[in-house]
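Peer 1: give me a 3D structure for the following:
(one chain, ligands or ions: 1)
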Amino acid sequence: MKENNKKILRKLTLRDKINLLSGKSYWHTYDLTKKGLPPIMMCDGPHGLRKEIIADDELMPKDTVKATCFPPLVNLASTWDEKLVKEVGQAIAKEAKKEQVSIVLGPGINIKRSPLCGRNFEYFSEDPYLSGHLAKAFINGVQNEGIGTSLKHYALNNQETNRLHINAISDERTMREIYLKGFEIAIKESNPWTIMCSYNKINGYYASMNKYLLNDVLRDEWKYDGIVVTDWGAVSDRYIGLKYGLDLEMPTSKGYNNKIVLWKYLTFRARRKYLNQTARRLVNLIVKSRENLEPNYDFDITSNEEVALRACEDSFVLLKNDNNLLPLKKDDKICIIGEFAKRPRFQGEGSSHINAYNVYNAFDELKKAYQDVKYSKGYNLEKEEINEELINEAKELSKDVDKVLLFVGLPTSFESEGYDRKHLDLPPSHLRLIEEVKKVNSNVIVILTNGAPVTMSFVNDVGAIVEAYLGGQCVGKALANVLTGKTNFSGKLAETFPLTLESNPSFLNFPGEKGNVIYKEGIFVGYRYYESKNIPVLFPFGFGLSYTSYEYSELKINKKVIDINDSIKLKLKVKNIGNYDGKEIVQLYISPKNPSNKFSKIELRRYDKVSLNINEEKEIEFTLSSDDFTYFDEDEKRFVVNDDEYEILIGASIKDIRLKTSIKVNGEKILKLPRKLTLESTLYDLCYHPATREFTFKLLDPMAKSMIGKDAKYLFEHYDDDMISSMIMTKPLSGLPSLAQGKVKKWQLRLLLIIMNRKIRKYNRRLD
Ligand code: BGC
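Peer 2: Predicted structure coming up:
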């Protein structure tokens, strides 16, 4: 801790420290200017600045300041481009600095467990590796400018239904490998100034007072020493929260919760340690934040918009392009159908809503290149009903053009913070429009506006499909650029598009009931499930087309065996062999050779986005370490390197693997041994434990020989392919008296257990 911060800390009284525990207002920390701690301001986040214009004593804001609306996180994710995401972070930080905002509340990295989650547009991916690394890039971008971030929502906040109180129930391995992994990566690699805990409960305890999440994992294991702030109003028990490492309550409870904490200190003489720790962390944050603010700071709006435009272009995913319908040719006669072309829905609803400086629509932008382009509304965004008149008008226009650009998608009310989607379908009016237009023109290009996957009954009936997601304020300009081929498509899906809602792994357990949602699918989230179960999907993870094509070659690996704490290097070449400059996202997956129920068939481990002009070839290098082959072992309570052979798969998507090699991982061979045997243990358990094996064999030999003419070892080795062996070996000891028709007595078994457990204790002592 810096000397100056120590000095400030020393001057703080008990009451000062308690006051600091809660905000001064909706967006500011407590005002302790006299002690050198003026309030700092925090604002949403994440894809731009949402600074409310609000007097401190007002509850509802009048408006929010103008800001650049960058592409929402669903778009940023499909760029797979850490450098670009970092630039977006930097640009947002500049706007925050100008507004004297010290912390941007984002990024959100909750895993897309279900495509129904109303807030998926604000999150990155269904994959924790990708989410964690993009979050790291964003955080580094913002924080390099001296502005803080708030990595949110920690944790297991994967739905909006009952988000304020739902109890997310998950086993530890699933949490560590899927739902916490992204946080772990981002925290270790970019150290966000703050982390925002979620509203919900996790395994019975609210996130804001969850010992496992806050104390055991975040503070003790990951050594996070920044600020944990509540989601807005997420305090449950303020004192317990403080004890486990929750620093700051936001917004203010106007002293209410602080009094409860003070009372604990005055009456129960609670330990000062927790309060002092939090005060130290808050002093560090406030001083650092104030030091980085510059009174007359300004930024260049045009260059921020240029970043927003580039990020948007690189985020679009070309899902289908039969007969090279796209890019549009200069002399193509086109028409534009669908209100989204003139009134883009460029961001999601809720706390991330930005008051955008400018909004560019695709119609105006395309008109610049196609002056006499005709437009028809096709549907009414305000009304859900099918409008026959609008559909007929659209059909008439579509008849005499070469290509139809058809803009459809999810209207605003379909996706928002606060509630989940009810289904994955487009509105009936949009679906009918596609159906009718394709009857009169076979060159239909569908452009989708949506924040999360939709089903596509029309997938085989239209010529091309562009997934634009939401895009931010530059969506219209960016679309005109990619549709005309000025820019190439380079986005790929950071999530799977399922064929049906029912095929999603969380379908039967979403959004839960009676206050609980059970994460029964375990680690098999998104592609981990579809691939492991071989379930067909609409568009797979990592998929996206381009106007050019790429050739992958010469995969080389420097070692075929990897030990614990060791690493390997892989090299390969990628060449642009088409007629457009472009950018390719090269993905590296691993696949264990002996997949058991415990392992997903395939998992993403690395990626790289590489820019390649026509005919250009580049070498790409990846390093993998033994940490990339771990799983979380619940008995060991740690990540364990799995001993197996693995295929290393390099591809253009999870379904388009171009190069392969394999390695042997010399991992840990963990013997799962019980610490104690009980009447619920089986004879198999007694044979399995090295401490009791020989003794058990001796005991069982006569019985085995008289029953089946084999020894006990045979029973043990054939418990899973011989019926008699299985009966004897897998019956719990408590059931043996009846199985042995009274020849074995319970008291004998109890005696046996005393002997066996003594042997096990001795064995454990030797190991410990
Ligand atoms: C949201 C957060 C947001 C906060 C402040 C909450 O309701 O969940 O993501 O940062 O409000 O607006």
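
Peer 1: all contacts plus neighbour counts: C-alpha atoms, from now on.
Peer 2: Will do.

Peer 1: distance check, residue 450 against residue 43.
Peer 2: 25 Å (Cα to Cα, to the nearest Å).

Peer 1: who does residue 446 form a beta bridge with?
Peer 2: residue 406, residue 465 (DSSP bridges).

Peer 1: which parts of the stretch 201-350 of the chain are strands?
Peer 2: Along the stretch 201-350 of the chain, counting by DSSP state E, counting those that start in this stretch, strands occupy 201-202, 205-206, 227-230, 317-321, 334-337.

Peer 1: which secondary structure elements does the third one contact?
Peer 2: In this case it means strand 227-230. Under the contact definition 3 or more Cα pairs under 8 Å, 6 or more residues apart in numbering; DSSP states H and E, strand 227-230 sits against strand 194-197, helix 272-292.

Peer 1: nearest to the ligand, out of those?
Peer 2: Of all those, strand 194-197 sits nearest to the ligand, with 8.0 Å by Cα to the nearest ligand atom.

Peer 1: what about dumping the CA coordinates of that closest one to CSV?
Peer 2: Written as CSV, here are the backbone C-alpha positions of strand 194-197 (Å, rounded to 0.1, in the frame of the first residue of the first chain):
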residue,chain,number,x,y,z
THR,A,194,-14.0,-4.2,-9.1
ILE,A,195,-16.2,-7.3,-9.3
MET,A,196,-19.9,-7.0,-9.1
CYS,A,197,-21.7,-9.8,-7.3
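
Peer 1: average pLDDT for it, rounded please.
Peer 2: Across strand 194-197, pLDDT averages out at 98.

Peer 1: could you do stretch 312-331 as well?
Peer 2: For stretch 312-331, the per-residue pLDDT averages 98.

Peer 1: ok, now stretch 550-560?
Peer 2: 98.

Peer 1: buried residues, that stretch. List them.
Peer 2: 550, 552, 555, 557 (16 or more other Cα atoms under 10 Å).

Peer 1: just stretch 2-10 next, same as before
Peer 2: For stretch 2-10, using 16+ other Cα under 10 Å, the buried residues are 5, 8, 9.

Peer 1: restrict those to contacts with the ligand.
Peer 2: Residues of those in contact with the ligand (Cα under 6 Å from any ligand atom): none.

Peer 1: and this protein, what are its domains?
Peer 2: 3-292, 306-539, 550-666, 683-767 (automatic domain parsing).

Peer 1: got those domains as a markdown table, with distance to residue 676 columns?
Peer 2: Formatted as a markdown table, the domains of the chain follow (distance: least, Cα to Cα, whole Å):
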| stretch | distance to residue 676 |
| --- | --- |
| domain 3-292 | 22 |
| domain 306-539 | 28 |
| domain 550-666 | 14 |
| domain 683-767 | 6 |
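
Peer 1: now residue 500: how far from the ligand?
Peer 2: Residue 500 is 28 Å from the ligand, where distance means Cα to the nearest ligand atom, to the nearest Å.

Peer 1: what about the closest residue in space to that residue that isn't next to it in sequence, how many residues nearby?
Peer 2: Excluding the flanking residues, the one nearest residue 500 by Cα to Cα, 6 or more residues apart in numbering is residue 455, at 6.5 Å. Neighbourhood size, residue 455 [other Cα atoms under 10 Å]: 16.

Peer 1: swap in the one 5 residues further on?
Peer 2: Close neighbours of residue 460, defined as other Cα under 10 Å, add up to 9.

Peer 1: list the buried residues in the strand or helix carrying residue 430.
Peer 2: Per DSSP states H and E, residue 430 falls inside helix 428-440. Judged by neighbour count (16+ other Cα under 10 Å), helix 428-440 contains these buried residues: 429, 430, 431, 432, 433, 434, 435, 437, 438.

Peer 1: sorry, back to before: among the helices and strands packed on strand 227-230, show me which one is buried the most.
Peer 2: Neighbour counts (mean count of other Cα atoms under 10 Å) averaged over each of those peak at strand 194-197, with a mean of 28.

Peer 1: that one near the ligand at all?
Peer 2: No: against the ligand, strand 194-197 shows no contacts by Cα under 6 Å from any ligand atom, the least distance being 8.0 Å.

Peer 1: can you count the residues close to residue 240?
Peer 2: Residue 240, neighbours per other Cα under 10 Å, totals 15.

Peer 1: please report how far the most centrally placed residue in the chain lies from the ligand.
Peer 2: In the chain, the centroid-proximal residue (Cα atoms, centre = their mean) is residue 111; its distance is 3.1 Å. Residue 111 sits at a distance of 14 Å from the ligand (criterion: Cα to the nearest ligand atom).

Peer 1: not counting sequence-adjacent ones, nearest residue to that residue?
Peer 2: Nearest one to residue 111, counting by Cα to Cα, 6+ apart, is residue 126 at 5.0 Å.

Peer 1: helix or strand: which one has residue 42?
Peer 2: Short version, using DSSP H and E: residue 42 is in strand 42-44.

Peer 1: next one: that strand to chain centre, how far?
Peer 2: Relative to its chain's centre, strand 42-44 lies at 21 Å (Cα atoms, centre = their mean, to the nearest Å).

Peer 1: so is it next to the ligand?
Peer 2: Yes: on the criterion Cα under 6 Å from any ligand atom, strand 42-44 is in touch with the ligand at residue 44.

Peer 1: what are the contacting residues of that strand?
Peer 2: 27-28, 49-52, 101-106, 351-352 (Cα atoms under 8 Å, 6 or more residues apart in numbering).

Peer 1: list the strands paired with the very next helix or strand once past it, with their directions.
Peer 2: Following strand 42-44 in sequence order, the next helix or strand is strand 52-53 (DSSP H and E). Here strand 52-53 is paired, per DSSP bridges, with strand 63-64 (antiparallel).

Peer 1: partners of the next helix or strand after the partner strand, with directions?
Peer 2: Using DSSP H and E, the helix or strand that follows strand 63-64 in sequence is strand 66-67. In the sheet, strand 66-67 lines up against strand 355-356 (parallel) (DSSP bridges).

Peer 1: I'd like the distance from the strand it pairs with to the chain centre, please.
Peer 2: Worked out by Cα atoms, centre = their mean, strand 355-356 lies 26 Å from the chain centre.

Peer 1: please enumerate the strands of the stretch 501-650 of the chain.
Peer 2: Going by DSSP E, counting those that start in this stretch, the stretch 501-650 of the chain shows strands at 516-518, 537-539, 550-557, 561-563, 567-576, 582-592, 603-612, 617-625, 630-633, 638-641, 644-653.

Peer 1: which of the ones you listed sits closest to the ligand?
Peer 2: strand 516-518 (18.5 Å).

Peer 1: what's that closest one in contact with?
Peer 2: 166, 167, 168, 169, 170, 509, 510, 511, 512.

Peer 1: export these to CSV and tack on pLDDT?
Peer 2: Listed next are the contacts of strand 516-518 as CSV, based on pLDDT from 0 to 100:
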residue, pLDDT
166, 98
167, 98
168, 98
169, 98
170, 98
509, 98
510, 98
511, 98
512, 98
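
Peer 1: what pLDDT does the residue lying closest to residue 44 once chain neighbours are set aside get?
Peer 2: Of all residues not flanking residue 44 in the chain, residue 105 sits nearest, at 4.5 Å (Cα to Cα, 6+ apart). Per-residue pLDDT puts residue 105 at 98.

Peer 1: same check on residue 675?
Peer 2: So, for residue 675, pLDDT stands at 89.

Peer 1: wait, it sits on residue 759?
Peer 2: No: the criterion here is Cα atoms under 8 Å, and residue 675 misses it with residue 759 at 10.9 Å.

Peer 1: tell me which element the residue of the chain positioned farthest from its centre falls in.
Peer 2: Centroid-distance maximum for the chain: residue 706 at 58.8 Å, with Cα atoms, centre = their mean. Using DSSP H and E, residue 706 maps to helix 693-708.

Peer 1: contact partners of that helix?
Peer 2: 683, 686, 687, 710, 711, 712, 713, 715.
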